[in-house]
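1. only the shape, not the letters, is given here:
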């Protein structure tokens, strides 16, 4: 057998084995590399390269080495699930770099972090002023977690006393011009509803690159033909306008009638309609 054929077979076999073992080790191996996992990754890559190209070496010996280097971290990962001490040894622990708005220079030196590197990490979190930070910790994965001071944190509906409905994941019901039946069912919609929405927009599903249904049941599309203008959803603004018209009509009826009971009924209904509009205004105005 020619050497190049031998190398192809060995390389493909090593690739398949590494892929299977990586799936067994889990997604953590590619998302949160600790020092130990970093060393494991480098070693496995080196072993795979050697057994792929060194045709004179024993292929099975290389496979056994790969299995050992995968089995050890897998066992250690199971053990660290039950032992905090082991987790600290093998995964490390976070280091506080900013506390109570003050930079801890000793901890920066301990982690061999410079002021420029700290500012760079803060910028990746969209923080450009050190004075805005209340707390920052360098995680064992190397990522910097940042807590802004209270007055610098963005407002949320809770701060404004607003109650919003539960958000549901947006479902992609059309992709590459093909209807996705499972996401469509997850959105609580049917084929008839989807066809009706496409007819409202004046497009065919074949011309839709992506079509999505959001948590409010609105259907939006991105077309292959970028020059074609798609009308924006108007149901919610129209409903808000209708509710406001009803409120105004109730106010008018209460002012024009001379019957005390009718006047009180219209006023009560107007107050209730005002409360409904206030509750739904954020949802319906967009």
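-> On my side now, so go ahead. Only a predicted model underlies this, so the values are computations on that prediction, with no experimental measurement involved.

2. domain parsing for the protein?
-> As assigned by automatic domain parsing, the chain contains the domains 3-89, 95-152, 171-232, 236-284.

3. so which of those comes closest to residue 161?
-> Nearest of the domains of the chain to residue 161, taken as CB to CB: domain 236-284 at 10.8 Å. Using the backbone N, CA and C atoms, a C-beta is placed for each residue, glycine as well.

4. so what's the gap between that closest one and the chain middle?
-> The chain centroid and the centroid of domain 236-284 are separated by 40 Å under CA atoms, centre = their mean, to the nearest Å.

5. what mean pLDDT does it get?
-> The pLDDT scores in domain 236-284 average 82.

6. got it, and stretch 14-21?
-> Stretch 14-21 comes out at a mean pLDDT of 78.

7. residues contacting that stretch, please?
-> Contact with stretch 14-21 is made by 44, 48, 51-52, 62-63, 66-67, 70, as judged by CB atoms under 8 Å, 6 or more residues apart in numbering.

8. and it, which residues are buried?
-> Neighbour counts over stretch 14-21 (16 or more other CB atoms under 10 Å) mark 14, 17-18, 21 as buried.

9. follow-up on the earlier one: format the contacts of stretch 14-21 as CSV; extra columns: distance to residue 93, neighbour count and secondary structure.
-> Below are those laid out as CSV (distance: CB to CB, whole Å; neighbours: other CB atoms under 10 Å; DSSP: H, G, I helix; E, B strand; the rest coil):
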residue, distance to residue 93, neighbour count, secondary structure
44, 25, 21, helix
48, 31, 19, helix
51, 36, 23, helix
52, 37, 20, helix
62, 35, 21, helix
63, 35, 16, helix
66, 30, 19, helix
67, 30, 12, helix
70, 25, 20, helix
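
10. in a markdown table: those residues, plus pLDDT.
-> As requested, the contacts of stretch 14-21 are exported to a markdown table (pLDDT from 0 to 100):
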| residue | pLDDT |
| --- | --- |
| 44 | 79 |
| 48 | 81 |
| 51 | 80 |
| 52 | 78 |
| 62 | 82 |
| 63 | 84 |
| 66 | 83 |
| 67 | 84 |
| 70 | 81 |
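
11. under the pLDDT cut-off, which ranges of this protein? List them.
-> The model of the chain has pLDDT under 70 over residues 1, 25-36, 90, 162, 164-165, 231-236, 238, 281-286.

12. hmm, 50 instead?
-> Counting by pLDDT under 50, the chain shows no low-confidence range.

13. start and end of stretch 139-146, how far apart?
-> 11 Å (CA to CA, to the nearest Å).

14. who's in contact with that stretch?
-> 32-34, 91-94, 97, 118, 121-122, 124-125, 127, 133, 135-138.

15. try it again at 7 Å.
-> Residues from elsewhere that reach stretch 139-146, judged by CB atoms under 7 Å, 6 or more residues apart in numbering: 32-34, 91-94, 121-122, 125, 127, 133, 136-138.

16. buried among the residues you listed? Make that a PyMOL selection.
-> Remark: buried members of the contacts of stretch 139-146, expressed as a PyMOL selection using 16+ other CB under 10 Å:
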select buried, resi 33+34+91+92+121+122+127+133+136+137+138
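
17. the contacts of stretch 139-146 in helices, which ones?
-> Judged by DSSP state H, the contacts of stretch 139-146 include 91, 121-122 as members of helices.

18. columns distance to residue 224 on top of those residues, output as a markdown table?
-> Below are the ones in helices among the contacts of stretch 139-146 laid out as a markdown table (distance: CB to CB, whole Å):
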| residue | distance to residue 224 |
| --- | --- |
| 91 | 47 |
| 121 | 40 |
| 122 | 41 |
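
19. circling back to that earlier point, out of the contacts of stretch 14-21, which comes closest to residue 184?
-> So of these, ranked by how close each gets to residue 184 (CB to CB), first place is residue 70, at 40.5 Å.

20. with adjacent residues omitted, what lies nearest to that closest one?
-> residue 21 (4.4 Å; CB to CB, 6 or more residues apart in numbering).
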